[in-house]
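*Asks:* based on what follows, work out the 3D shape:
(2 chains)
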Amino acid sequence: MWDWHYAWSILPGLIASLGTAFSATFWGFIIACLGGLVLAGASRSRITAVRLASRGFVQFVRNTPLLVQLFFLYYSLPMVTGIAPSAFLTGIVGLGLHFSTYMSEVYRAGIDAVPKGQWEAAKALNFNGRQTWITVVLPQAIPPMIPVMGNYLIIIFKETPVLSAITLVETLLTAKNMTSASFRFFEPYTLVGILFLLICLAMSLLLRVVEIRYNRFTTGGKKESRKPAERRTNDKSANPVANREVYPG
Amino acid sequence: MHTPWNEFVPLLWEGLLVTLEVAIYSAAAAILLSAAGGLCRVSASPAVQWLAKIYIGLFRGIPLLVLLIWVYFALPFAGVELPKVAAAVLAIGLNYGAFGSEIVRSAIQAVPPGQREAAVALNFTPAQRMIHIILPQALVRMLPPFGNLLIELVKATSLIYFITLSDLTYQAMILRNNFLPSTAQIFGLLLVIYFLLSTVISTGVGWLERRLTEGRV
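*Replies:* Numbers count the residues shown, from 1 in each chain, chains lettered A, B, ... in the order given. Down below sits the predicted model:
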């Protein structure tokens, strides 16, 4: 059933194909972060039409499958607009747009978690809008967002196999091409599963290390003293942003 | 350009039925696995806890699409050949069950410790404690995240297109081959259908939540 010789012979090709998955993840994440910023900004706009449009877009994109969005972008945009971007470009734009709607909620939750008194204090100190955001709100809103954004990086990586549907030769499609050459299905697909599992585990370990370091940095090296009653509850419940979003993938 | 909307209906209807069938079976499987995984995760026995941890860690780290393709295309080489629907339900159920287990776990752990202590003081057995005191309170907390999970699950059923199950997405691809100039309309319609499905779920879960929290909070 399991042929070690064959497994070893295809492993380098599979590992090399991870490069495409990584760069799709990277660019998708960048687009999602920037797009989320635009959406979060637009949903706080004073103009009602902008606010409604942004919220409507977030609702619609969040509640429809990434796969169908990719098909829509890849197959119908060229017919409507006459421009046919590559599978990679369509893939990162699709991933980026899909997750920008999740990211905008992360930003929103982070900003909403800053206590109202902080805004009032900034006003009492006669800060202008820019000063309020830069010196009061953002320094408190951003730290709890970091681990959640890191989580989305992992989630986006796990969604890259879907890009194989629009003919992007990433890891899954590489494995599929191997199976059609050798007629052996077991080794390539099992190896793909193991590779993704290992990378996701490594990424979440790394994220945890970064998070601990970051917390130490922001609390000025002081050990967090938590009451035993708090320790018994879910770790994430300490983070107001982490509580808001559950995205399985 | 003329779009023959009425010709889309029969195929999309068939696809909708397959999507709903797979979604309902997988949701049932995922909820069962979530309950089992979540309860094992808060078990008193470290061995049972570890078992749940391994299940959750394993299936959260493997992308659903890879799991689905592995179950359908690779597993037959290990002597297990499943029909398409069973393969889809198994893969989606295992994947979403892992995420659901974490919801169940955190909802149980979020019940204030005083509730448990009160049950101990009243001499409840562990089973009574769980059934009468902890679960009714945890259940209310679970509902909103489970609603989100269900929406994600319905969205994820579009992946069964990869194992050539004739769901909505698959039928739309067939329609696209037949009516190539209407590609944008077909995929636009498909997006709207999925959006309506999600809206139905979130409305339903919202209604259930209001029913269950009535007079509680």
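
*Asks:* tell me which helix or strand comes right after the helix or strand of chain B with the lowest mean pLDDT.
*Replies:* Sorting the helices and strands of chain B by mean pLDDT, DSSP states H and E puts helix B:126-128 at the bottom, at a mean of 91. The helix or strand immediately downstream of helix B:126-128 is helix B:135-156, counting by DSSP states H and E.

*Asks:* what's the least confident helix or strand of chain B in contact with?
*Replies:* Residues from elsewhere that reach helix B:126-128, judged by C-beta atoms under 8 Å, 6 or more residues apart in numbering or on different chains: B:44, B:119. Placement of C-beta: from N, CA and C, glycine included.

*Asks:* same check, this time on stretch B:45-52
*Replies:* With C-beta under 8 Å, 6+ apart as the criterion, stretch B:45-52 contacts B:37-38, B:40-43, B:101.

*Asks:* tell me how far the residue nearest the centre of chain A lies from chain B.
*Replies:* When C-alpha atoms, centre = their mean is applied to chain A, the residue found nearest the centroid is residue A:152 (2.7 Å). Separation of residue A:152 from chain B (C-beta to the nearest C-beta, to the nearest Å) stands at 14 Å.

*Asks:* list the buried residues of the strand or helix carrying that residue.
*Replies:* Taking DSSP H and E as the criterion, the element that holds residue A:152 is helix A:138-159. Of the residues in helix A:138-159, A:141, A:143-159 count as buried by neighbour count, 16 or more other C-beta atoms under 10 Å in any protein chain shown.

*Asks:* please apply the same query to stretch A:187-203.
*Replies:* Residues A:187-193, A:195-197, A:199-200, A:203 are the ones in stretch A:187-203 that count as buried (16+ other C-beta under 10 Å).

*Asks:* nearest to residue B:108, of those residues?
*Replies:* Using C-beta to C-beta, residue A:200 is the member of the buried residues of stretch A:187-203 that lies nearest residue B:108, at 25.3 Å.

*Asks:* still on that earlier bit, pick out the most distant pair among the contacts of stretch B:45-52.
*Replies:* Distance extremes for the contacts of stretch B:45-52: the farthest pair is B:43 and B:101 at 12.0 Å, using C-beta to C-beta.

*Asks:* between the two, which is the more surrounded one?
*Replies:* In terms of neighbours (other C-beta atoms under 10 Å in any protein chain shown), residue B:101 is the more surrounded of residue B:43 and residue B:101; the figures are 26 against 14.

*Asks:* contacting residues for the more buried one?
*Replies:* By C-beta under 8 Å, 6+ apart, the contact set of residue B:101 is B:33-34, B:36-38, B:40-41, B:52, B:55-56.

*Asks:* one more time with 6 Å, if that's ok
*Replies:* Contact analysis of residue B:101 by C-beta atoms under 6 Å, 6 or more residues apart in numbering or on different chains lists B:34, B:37-38, B:41, B:56.

*Asks:* check which helix or strand covers it.
*Replies:* Of the helices and strands defined by DSSP H and E, residue B:101 is found in helix B:84-109.

*Asks:* give me the pLDDT for residue B:78.
*Replies:* As predicted, residue B:78 sits at a pLDDT of 88.

*Asks:* follow the chain on from the helix or strand where residue B:30 lies and name the next helix or strand.
*Replies:* Here residue B:30 is covered by helix B:5-41, with elements defined by DSSP H and E. Counting by DSSP H and E, the element after helix B:5-41 in chain order, helix or strand, is helix B:46-61.

*Asks:* quick one: distance of that following helix to the chain centre.
*Replies:* Taking C-alpha atoms, centre = their mean, to the nearest Å, one finds helix B:46-61 lying 18 Å from the centre of the chain it belongs to.

*Asks:* so which bits of that helix are buried?
*Replies:* Under the neighbour-count criterion of 16+ other C-beta under 10 Å, helix B:46-61 has B:52, B:55-56, B:59-61 buried.

*Asks:* same question for stretch B:196-204.
*Replies:* Taking 16+ other C-beta under 10 Å as the basis for neighbour counts, the residues of stretch B:196-204 that come out buried are B:197-198, B:201-202.

*Asks:* from the residues you listed, list the ones also adjacent to chain A.
*Replies:* Subset of these in contact with chain A: residue B:198, counting by C-beta under 6 Å from any C-beta of the partner chain.

*Asks:* in the helix holding residue B:101, which residues are buried?
*Replies:* The neighbour-count check on helix B:84-109 (16+ other C-beta under 10 Å) flags B:85, B:87-109 as buried.

*Asks:* helix or strand: which one has the nearest residue to residue B:15 once chain neighbours are set aside?
*Replies:* Once its chain neighbours are removed from consideration, residue B:15 has its nearest residue in residue B:171; the separation is 3.5 Å (C-beta to C-beta, 6 or more residues apart in numbering or on different chains). Residue B:171 belongs to helix B:168-178 when assigned by DSSP H and E.

*Asks:* quick check: what element follows that helix along the chain?
*Replies:* Under the assignment DSSP H and E, the closest C-terminal helix or strand after helix B:168-178 is helix B:183-213.

*Asks:* so for that following helix, what's the average pLDDT?
*Replies:* Helix B:183-213 shows a mean pLDDT of 93.

*Asks:* for it, name the packing helices and strands.
*Replies:* Based on contacts counted as 3 or more C-beta pairs under 6 Å, 6 or more residues apart in numbering or on different chains; DSSP states H and E, the elements that helix B:183-213 packs against are helix A:66-71, helix B:135-156, helix B:168-178.

*Asks:* out of these, which one sits most buried?
*Replies:* Among those, judged by mean count of other C-beta atoms under 10 Å in any protein chain shown, the one packed with the most neighbours on average is helix A:66-71 (a mean of 24).

*Asks:* what sits up against that one?
*Replies:* The contact list for helix A:66-71 (C-beta under 6 Å, 6+ apart) reads A:94, A:98, A:162, A:165-166, B:158, B:187, B:190-191.

*Asks:* now that helix - C-alpha only, CSV.
*Replies:* Provided in CSV are the C-alpha atoms of helix A:66-71 (Å, rounded to 0.1, in the frame of the first residue of the first chain):
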residue,chain,number,x,y,z
LEU,A,66,-14.6,31.4,-1.5
LEU,A,67,-14.7,28.7,-4.3
VAL,A,68,-17.6,30.3,-6.0
GLN,A,69,-16.1,33.8,-5.6
LEU,A,70,-12.9,32.5,-7.3
PHE,A,71,-15.0,31.0,-10.2
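
*Asks:* tell me the helix or strand right after it.
*Replies:* Secondary structure here is assigned by DSSP H and E; on that basis, the next helix or strand after helix A:66-71 toward the C-terminus is helix A:77-81.

*Asks:* can I have that following helix written out in PDB, keeping just the CAs?
*Replies:* In PDB, the C-alpha atoms belonging to helix A:77-81 read as follows (Å, rounded to 0.1, in the frame of the first residue of the first chain):
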ATOM      1  CA  LEU A  77     -14.600  39.000 -15.100                       C
ATOM      2  CA  PRO A  78     -12.700  38.400 -18.300                       C
ATOM      3  CA  MET A  79     -16.000  38.100 -20.200                       C
ATOM      4  CA  VAL A  80     -17.400  41.300 -18.600                       C
ATOM      5  CA  THR A  81     -14.300  43.500 -18.500                       C
END
